[in-house]
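> sequence first, then the predicted structure, then my questions.
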Amino acid sequence: MSLLAYPHPRAAGAIDVVVIGAGHAGLSASSLLSRQGVAHVVLERGEVANSWRHERWDSLRLLTPNWQTRLPGRVYQGDDPDGFMAIPELVQTLTTYAADMKVPVQTHTTVSSVRPSGTGYEVVTNRGIWRAKAVIIASGACNKPVVPTVASELPEEIRQLTPFDYTHAADVDEGGVLVVGASATGLQLAHELLAHGKPVTLAAGEHVRMPRRYRGRDIFHWLSQCGIHDERYDQIEDLSRGRRLPSPQLVGSHALPMLDLNEIQRCGGRVTGRLMGVRENTLQFSGSLQNVCQLADLKMQRLLKLIDETADAQHAPPAESFAPTTVDASPALTLDLDRHHIKTVVWATGFRPDYRWVDVPVLDRKGHLRHDGGVVDAPGLYVLGLPLMRRRKSSFIFGIEDDARDITRHLSNYLEQVKRRESDGFYRYG
């Protein structure tokens with residue numbers, strides 16, 4: 001969409017709030033700031049919904065059903081509430097939302113630095129410098145694919161791809177494919193490659209198994225009904241671990257009851273343990289595959305028992321059972337690349353944010369922001385859109401409204417404090 005569809009923020013200058021990123025998190029923050037009468041601008045390195053446009057594979061659909069695709073002031077109005085949005089439809093949804101909400105977005109604006117300045121911040125971009133009292137970082141949690149150090153040990157002739165590189169199975173070289181990672185991304189890509197006749201080996205570590213539907217409803221219906229999605233970050237016993245958990249083994253389709261390791265093997269794929277290393281031309285795997293699978297099965301059964309309490313009270317259809325994950329009790333610990341004709345490795349090993357442009361001392365040794373439920377460890381600095389940021393649903397589109405409401409309220413109170421101090425003469429902004 002042309003920039004003419006949006007209000008025209010000036011190229012740079014002084015403003016109350018700068019929001020960085022025009023994905024669902026940044027757009028939601030902008031909508032709520034506008035309701036509160038807070039002057040702000042949204043800076044986006046590409047176009048609205050840029051990551052969804054350019055950093056996803058062709059067949060990807062949202063894991064959440066359409067009825068959960070909602071933003072502040074906007075709910076799903078389509079004719080397929082139980083379906084799953086393909087990426088072009090989601091991009092159009094976000095683009096239309098930005099236009100309808102008159103989001104003051106400045107596209108094709110790359111932020112190179114956020115740095116303290118006086119009582120606020122300077123946001124340095126390729127189109128000038130903004131001076132702001134507060135900044136919301138809504139640039140996303142998936143800026144860079146995580147590729148383990150073992151990747152450097154692979155022979156040069158092996159083609160290595162991340163989910164950012166992969167677009168379609170037809171683009172993958174002839175020969176065998178090793179997919180590393182057993183979360184939603186790894187299983188979806190492995191399943192697609194198998195459907196296109198590619199020989200696939202899947203290296204599986206810790207994973208979260210769950211059915212697409214249970215007792216007549218989508219699993220996300222029950223997760224919300226049971227209050228799991230609304231569980232707050234300050235109620236989580238091990239928050240760091242909770243934020244590192246892989247995404248559940250799901251796919252945006254009701255045609256497949258369960259996308260799990262059993263399904264990968266049913267389609268002809270080979271499943272091994274976690275990839276541990278490479279020695280010359282031989283891959284080395286962990287021998288803990290069966291234990292990892294048993295743990296995932298146990299956790300799924302605990303989840304379904306919790307759901308049963310709510311489902312029984314709602315007189316839902318009877319409880320269902322699912323076959324345990326079946327893998328070799330003594331899985332292969334090595335795999336010869338030549339013998340199995342492995343030509344491609346797909347790293348489905350997660351993502352991480354990229355904050356190299358944050359020139360404020362708020363990053364830990366791993367490059368993650370230090371924050372308390374999105375309130376960053378620096379006055380007037382906030383973040384939105386991270387996993388389990390304030391609630392278990394934080395990383396999903398439907399979860400952003402509650403988080404954005406909390407953050408923008410905190411920010412508005414902060415701005416009021418700043419203005420009172422300015423009027424009292426304690427300091428002057430700018």
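Here it is on my side, so go on.

> and Ser113, how many neighbours?
15 (other C-beta atoms under 10 Å). From N, CA and C alone the C-beta is placed, and that goes for glycine too.

> for the stretch 251-400 of the chain, what spans make up the strands?
270-272, 275-279, 282-285, 334-336, 342-347, 351-352, 371-372, 375-376, 381-383 (DSSP state E, counting those that start in this stretch).

> now, of those strands, which is deepest in the fold?
strand 381-383 (a mean of 25; mean count of other C-beta atoms under 10 Å).

> averaged pLDDT, the helix or strand just after that strand. What do you get?
Once the chain leaves strand 381-383, the next helix or strand it forms, by DSSP states H and E, is helix 400-423. For helix 400-423, mean pLDDT rounds to 95.

> ok, back up a step: for Val42, find the nearest of the strands of the stretch 251-400 of the chain.
Between Val42 and the strands of the stretch 251-400 of the chain, the shortest separation by C-beta to C-beta is 13.7 Å, and it involves strand 381-383.

> which strands and helices sit next to that closest one?
The helices and strands touching strand 381-383, judged by 3 or more C-beta pairs under 8 Å, 6 or more residues apart in numbering; DSSP states H and E, are strand 128-137, strand 375-376, helix 400-423.

> ok, the closest residue to Phe84 other than its chain neighbours - contacts?
Leaving aside its sequence neighbours, Phe84 sits nearest to Gly252 (C-beta to C-beta, 6 or more residues apart in numbering; 3.2 Å). Remark: with contacts taken as C-beta atoms under 8 Å, 6 or more residues apart in numbering, Gly252 is in contact with Leu60, Arg61, Leu62, Leu63, Thr64, Phe84, Met85.

> quick one, what contacts the first one?
Same thing as Leu60. Ala86, Ile87, Gln188, Gly252.

> so what pLDDT did the first one get?
With respect to pLDDT, Ala86 scores 97.

> the third one now?
Looking at Gln188, its pLDDT is 98.

> next one: the helix or strand harbouring it to chain centre, how far?
Per DSSP H and E, Gln188 falls inside helix 184-195. The chain centre lies 18 Å from the centre of helix 184-195; the measure is C-alpha atoms, centre = their mean, to the nearest Å.

> what comes up buried for it?
Across helix 184-195, burial judged by 16 or more other C-beta atoms under 10 Å covers Ala184, Thr185, Gly186, Leu187, Gln188, Leu189, Ala190, His191, Glu192, Leu193, Leu194.

> distance to Asn143 for these - can I get that in TSV?
TSV is the format used below for the buried residues of helix 184-195 (distance: C-beta to C-beta, whole Å):
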residue	distance to Asn143
Ala184	18
Thr185	15
Gly186	19
Leu187	23
Gln188	20
Leu189	19
Ala190	24
His191	26
Glu192	24
Leu193	25
Leu194	29
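
> out of those residues, which two sit at the greatest distance?
Ala184 and Leu194 (15.9 Å).

> hang on, the earlier thing: between the buried residues of helix 184-195, which is nearest Pro148?
Of all these, Pro148 sits closest to Gly186, with 13.2 Å by C-beta to C-beta.

> got the confidence number for Pro7?
Per-residue confidence (pLDDT) for Pro7: 63.

> re the thing from before, JSON lines for the helices and strands packed on strand 381-383, including distance to Leu295?
JSON lines is the format used below for the helices and strands packed on strand 381-383 (distance: least, C-beta to C-beta, whole Å):
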{"stretch": "strand 128-137", "distance to Leu295": "34"}
{"stretch": "strand 375-376", "distance to Leu295": "34"}
{"stretch": "helix 400-423", "distance to Leu295": "30"}
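
> and Asp16, which of the strands of the stretch 251-400 of the chain is closest to it?
Per C-beta to C-beta, nearest to Asp16 of the strands of the stretch 251-400 of the chain: strand 381-383, 12.8 Å.
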